[in-house]
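Enquirer: pasting the sequence and the predicted model now:
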Amino acid sequence: MYLRRICIAVLMVVTAACSGQSDTNIDGTPLPDIDPALLRGSAKAAFGAERVGSQQSPAPYGSYAKGCAAGSVQLAETGPTWQAMRLSRNRNWGNPELVDFIQKLSRKAAQQPGWNGIYVGDMSQPRGGPMLTGHASHQIGLDADIWMLPAANLNLSVAERENISSISTRRANGAYTNGSWTRAHHEIIKAAAQDSRTARIFVFPGAKVQMCKDEKGDRSWLRKVRPWYGHHYHFHVRLACPKGARGCVDQTPPPAGDGCADAQEWVNNILNPPPPNPNAPKPKPRRELTVADLPQQCSGVLSSR
């Protein structure tokens, strides 16, 4: 059964390559083609071939970058205050808590000037697990990317959602925000951070520093906003493991405090990069994960019908 699904995933990649079709990044640029030979026997091929969630109770298994998701539900492609993007990826799935979170955040966003809601990028695959392209995380149904592009139009066609680009909100390689960054971005990220289910929000360093400068009220929510590479076309929300989810592995909580000094250090290193360490070990190539590398429950997630 696994072999058949892996073959389907490989066939999907080959078909797309032969037809000239290509997935696109959030900025509209095409993703590179995948060598089908690299997919054989991999967990990303097995999970990437699944088109619907498993017939199980909702449960995240493992960690954000090494796990799977049982009983995931699909975010509707279009709602009153959101649209799911890049529908061909079939990554608008997640734990019910994540779907509820997105819907709640979208209603908050719709209250901001120029925003009628949010554009939702990658969540998880129907059964989580490693993805065919892109993220190392997003594997247990608790991660979601929210586009920086204000969702003024919630009537985008399927084709438009495949080709439209988000907007970059960074300047100077992420040291500062640019003119596309607005107070609305601040307020939407703040609303996401203030949800008790949120564990972390990843955004480029300059945005965190700008929010630190602009926030005049309760600053406790800033602790959850963490600087990270990229994340200027979207911000990434990560929920904590739901209560009672015994197979779910939470990330270590962020350090105490608002994290503003840490973000400023990131910015300083962007503006004045430290010299490279000549003794730093060379990064080792990553081995593709297999299903056997994932938590034991993931085999059951794949076989559930």
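Expert: Looks like it arrived, so ask away.
Enquirer: only C-alpha atoms from now on, for both contacts and neighbour counts.
Expert: Fine.
Enquirer: which residue ranges of the stretch 151-300 of the chain form helices?
Expert: 158-163, 183-194, 205-214, 260-271, 297-303 (DSSP state H, counting those that start in this stretch).
Enquirer: export these as CSV, with columns for mean neighbour count.
Expert: Compiled in CSV, the helices of the stretch 151-300 of the chain are given as follows (neighbours: other CA atoms under 10 Å):
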stretch, mean neighbour count
helix 158-163, 15
helix 183-194, 19
helix 205-214, 22
helix 260-271, 17
helix 297-303, 18
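Enquirer: and the ones you listed as a markdown table, adding distance to residue 102?
Expert: Shown next, in a markdown table, are those (distance: least, CA to CA, whole Å):
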| stretch | distance to residue 102 |
| --- | --- |
| helix 158-163 | 18 |
| helix 183-194 | 9 |
| helix 205-214 | 21 |
| helix 260-271 | 26 |
| helix 297-303 | 24 |
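Enquirer: of all those helices, which one is nearest residue 148?
Expert: Checking the helices of the stretch 151-300 of the chain against residue 148 by CA to CA gives helix 183-194 as the closest, at 7.3 Å.
Enquirer: any residues touching the closest one, and which ones?
Expert: 105, 108-109, 112-113, 148, 198-201, 211, 221-222, 224-225, 237 (CA atoms under 8 Å, 6 or more residues apart in numbering).
Enquirer: swap in stretch 101-112?
Expert: 81, 82, 115, 116, 117, 118, 184, 188, 191, 192.
Enquirer: what sits against the first one?
Expert: For residue 81, the contacting residues are 103, 106, 107, 110, 116, 117, 118, 154, taking CA under 8 Å, 6+ apart as the criterion.
Enquirer: with the fifth one instead?
Expert: The contact partners of residue 117, taken as CA under 8 Å, 6+ apart, are 80-82, 106-111, 150-152, 154.
Enquirer: export those residues to TSV and tack on secondary structure?
Expert: Listed next are the contacts of residue 117 as TSV, based on DSSP: H, G, I helix; E, B strand; the rest coil:
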residue	secondary structure
80	coil
81	coil
82	strand
106	helix
107	helix
108	helix
109	helix
110	coil
111	coil
150	coil
151	coil
152	coil
154	coil
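Enquirer: dump these to TSV, plus distance to residue 300.
Expert: Listed next are those as TSV, based on distance: CA to CA, whole Å:
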residue	distance to residue 300
80	35
81	35
82	32
106	33
107	36
108	37
109	38
110	39
111	42
150	40
151	38
152	41
154	37
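Enquirer: distance of residue 126 from residue 51?
Expert: 6 Å (CA to CA, to the nearest Å).
Enquirer: top of the contacts of helix 183-194 by neighbour count?
Expert: residue 225 (30 neighbours; other CA atoms under 10 Å).
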